[in-house]
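>>> Please work out how this folds:
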Amino acid sequence: RMSTTTPHQSEIQVSKSPAEFFAENQAIAGFDNMGKSLYTTLRELVENSLDACESVGVLPSISVQVEELTLDEFNTVRGLNSPSKRANKQPKDTALFAKSGKKGRKSIDPQADKNDKSNALPSNGENETAQKKKKQKKKRETESYFRVIVRDNGCGMKHEAIPNLFGRVLSGSKYGVRQTRGKFGLGAKMALIWSKKSTNAPIQIKTAHMKKPGEIGSHCSICVLDIDIYKNCPRVLEHKKQINNEKWIGTEVELIIAGNWTTYKARIVSYLQQLAIITPYAQLELTYQNFAEPQRDMTIQYDRRSEQMPPPAREVKHHPSSVNNILVQQLLERTEHGTLEKFLCKDLAAVSPALSKRLIAELGSGFCDSMTPSELNDKKVTKLVQLLRKVELFKPPDGSCLSPLGEYNLNLGIRKVLDPDLVATAREKPSAYEGHPFIVEAAVSIGGKDVKEGITVVRFANRIPLLFEAGADVATRVAQSKIRWTNYKIDHKRDRIGVFVSIVSTKIPFKGTGKEYIGDDINEIQVSVKRALQNCCQQLRIHLTKKHALRDIKERRSRLIKYIPDVSRSLFDILDAMRKRRLETTSGHFSSSPTKRRRVNNNAATKIMGKIQSKELTEESIKKCLLKTVENQGAGIDDGKDSLESAKLKSGKHFQPLFLVPTYYHDSEDHDLTHPLFVFRPLERVPKSQKK
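Alright, predicted model coming up:
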């Protein structure tokens, strides 16, 4: 600390630790209020579990258990003596618990307050019931305590690394140029800080570290720890190893926090639903228990729909167009290469040896190929950064380092959760923004359960659902104002339209501190989102055009059937009248004009007249023939479902759609299966013995 004194006041300059800063500014990390703190805690722990499973290629199985505790139950768990259960004794100082009077003064006479309340209470039973319900509702909206338990089957944690992973803010393994769900090492630490701040309860971790996929650790670790806010370091209460007799796999995290389930229940359920869409290869389960009100218990489960996980994201080097002065200074200090030329080639992406020499020559005097990185002072670093950001010869970053979900999984996720009538998916070519690659995947669905009329936008960033501030997001803006839905036979006001946009990148350009939306001011992202949605709409247009044509044919058939009785009656009357006129003639021919007489086939006419005479041809037979003809014309018309669903119903077999992915998404050509019309590139390696 350093203090400075002035004639009027004394000021003390204090430096705070990262943990202390975020404890005082918890809204930055998503802990705005009681309800959102519970939601953010669940979200951060679940996403950590997904990362742990995907890092070793294990299909995730994640269970979340939320137990709501009353104040007395919380005190029992924490070993505290509840004031309300101290042998039913009255408090020593009743004025401490008295409510304020009408003028803001505290009442010191509890008996008078009791009499006032008894006089104010309603006398009839209905009013008492209403007051009781009102009190229960008010109680639910206030602060409660929750035991949160999240368990997964992931890689676990090393025994010695557990304290820092949970008890040191801004300590993490996700720094670098790589697509990650989190970046700053805040999530689980903020949950611990909120637990300490609201309940002062430690966090409990049980984990078994998996060195290789499918391996079961011989020991499992149990750790109970707290966090020292002022020193930003873990305070370990218990840390031990025990033999893994139960063949334990994964990690279980348990903590007790304050929160509000009632106000954020819908958000938590919606988050889990959207997470099931974007991770169809995961099995998710949420259990909520309320021991005081068991009727409010609920369980939500989403079974695994796909066994194909996206390939893991790769860490890449910084692109020259994304650097700044601080970053270049750090790279120069950490480089292992002795010359500036090698530094540019080895520590930055898209810089070849020939290009590095041209860059150094462009820098002019004071720079040479053999100079060491330590010789670059602040002015030279600034000059180098300015040149790197101006040069246009650098190859733009590609999307090979990214890990998008894939159209196949996105389609399965939407069908699993929403069961829409139609769904179309599309993926845009990789693009770049300020030196960071990104890929946009989109889907548009029509119909489905629990989908409202109009446009419902669901957004994902690095495969994380975004639930807040949707109105300002680029996906919402494009879907509502940049897409002409009527051009694709879609009624954006009456149809139930689901718009799904997933953006993955090494750096998501979030707006605001909450990281809840992506602004529409970035032209590259806006164009990619628009093109992806238009591609989806174009696919739907083909289906909808066919569907509308079939609907028109069905309506035409319905109208024809409606008029068949009148038409059959009129036809029979005309033919019967012709038969009678023929009988009246002596020549046996129709008494008609010469022109009409030439058109009549006497043999056919005689045959028809004979059928009418023998009552073989009647009004009812004409009606049946017309009805059969109309039915035959509509024999190939189904109820508007696509051919895949119709084939599934007829054969009783399960079909899955086939997706052909362009080859530019995978840079390896070692296992290509070539054909005159296409190139098939598998997502997983194919042994040479099986390759034909």
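
>>> element containing Thr412, please.
Careful, residue 412 is Leu and not Thr. helix 407-418 (DSSP states H and E).

>>> Which SSE is immediately downstream of that helix?
Criterion used, DSSP H and E; the element after helix 407-418 is strand 422-427.

>>> Extract the C-alpha set from the helix holding Leu412 and format it as CSV.
Taking Å, rounded to 0.1, in the frame of the first residue of the first chain, the C-alpha atoms of helix 407-418 are listed here in CSV:
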residue,chain,number,x,y,z
GLU,A,407,-24.5,-30.4,-40.4
TYR,A,408,-25.2,-34.0,-39.5
ASN,A,409,-25.1,-33.4,-35.8
LEU,A,410,-26.9,-30.1,-36.0
ASN,A,411,-29.7,-31.8,-37.9
LEU,A,412,-30.0,-34.6,-35.4
GLY,A,413,-29.9,-32.3,-32.5
ILE,A,414,-32.8,-30.2,-33.8
ARG,A,415,-34.8,-33.3,-34.7
LYS,A,416,-34.2,-34.8,-31.3
VAL,A,417,-35.4,-31.8,-29.3
LEU,A,418,-38.0,-30.1,-31.5
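
>>> what angle sits between that helix and strand 422-427?
150 degrees (axes from the mean of the first three to the mean of the last three Cα atoms, to 10 degrees).

>>> any idea how far helix 407-418 is from the chain center?
The chain centre lies 11 Å from the centre of helix 407-418; the measure is Cα atoms, centre = their mean, to the nearest Å.

>>> same question, stretch 279-296
Distance, centroid of stretch 279-296 to centroid of chain: 19 Å (Cα atoms, centre = their mean).

>>> What residues of it count as buried?
Residues of stretch 279-296 classed as buried by neighbour count (16 or more other Cβ atoms under 10 Å): 279-286, 288-290. C-beta here means a position set from N, CA and C on the backbone, and glycine is covered the same way.

>>> Give the other helices and strands that the helix holding Leu412 contacts.
Where contact means 3 or more Cβ pairs under 8 Å, 6 or more residues apart in numbering; DSSP states H and E, helix 407-418 is packed against helix 261-278, strand 422-427, strand 436-446, strand 496-505.

>>> Relative to Tyr302, which of the ones you listed is closest?
Shortest distance between Tyr302 and the helices and strands packed on helix 407-418, using Cβ to Cβ, is found for helix 261-278: 3.8 Å.

>>> Enumerate every residue touching the residue positioned nearest the centre of the chain.
Centroid-nearest residue in the chain, with Cα atoms, centre = their mean: Pro465, separated by 3.5 Å. Residues near Pro465 by Cβ atoms under 8 Å, 6 or more residues apart in numbering: 270-271, 274-275, 278, 458-459.

>>> How about Ala350?
So Ala350 contacts 319-320, 394-397 (Cβ under 8 Å, 6+ apart).

>>> State the distance from Val630 to Lys507.
62 Å (Cβ to Cβ, to the nearest Å).

>>> swap in Leu384?
Leu384 is 21 Å from Lys507, by Cβ to Cβ.

>>> For ChimeraX, what selects the buried ones among the contacts of Pro465?
What follows is the ChimeraX syntax selecting those of those that are buried according to 16+ other Cβ under 10 Å:
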select :271,274,275,278,458,459
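
>>> residues near Lys611, how many?
Using other Cβ atoms under 10 Å, Lys611 is surrounded by 15 other residues.

>>> Mind listing the residues bridging to Arg459?
Leu466, Val501 (DSSP bridges).

>>> Pull up the gap between it and His548, please.
30 Å.

>>> same check, this time on Asp491
Counting by Cβ to Cβ - Asp491 and His548 are separated by 11 Å.
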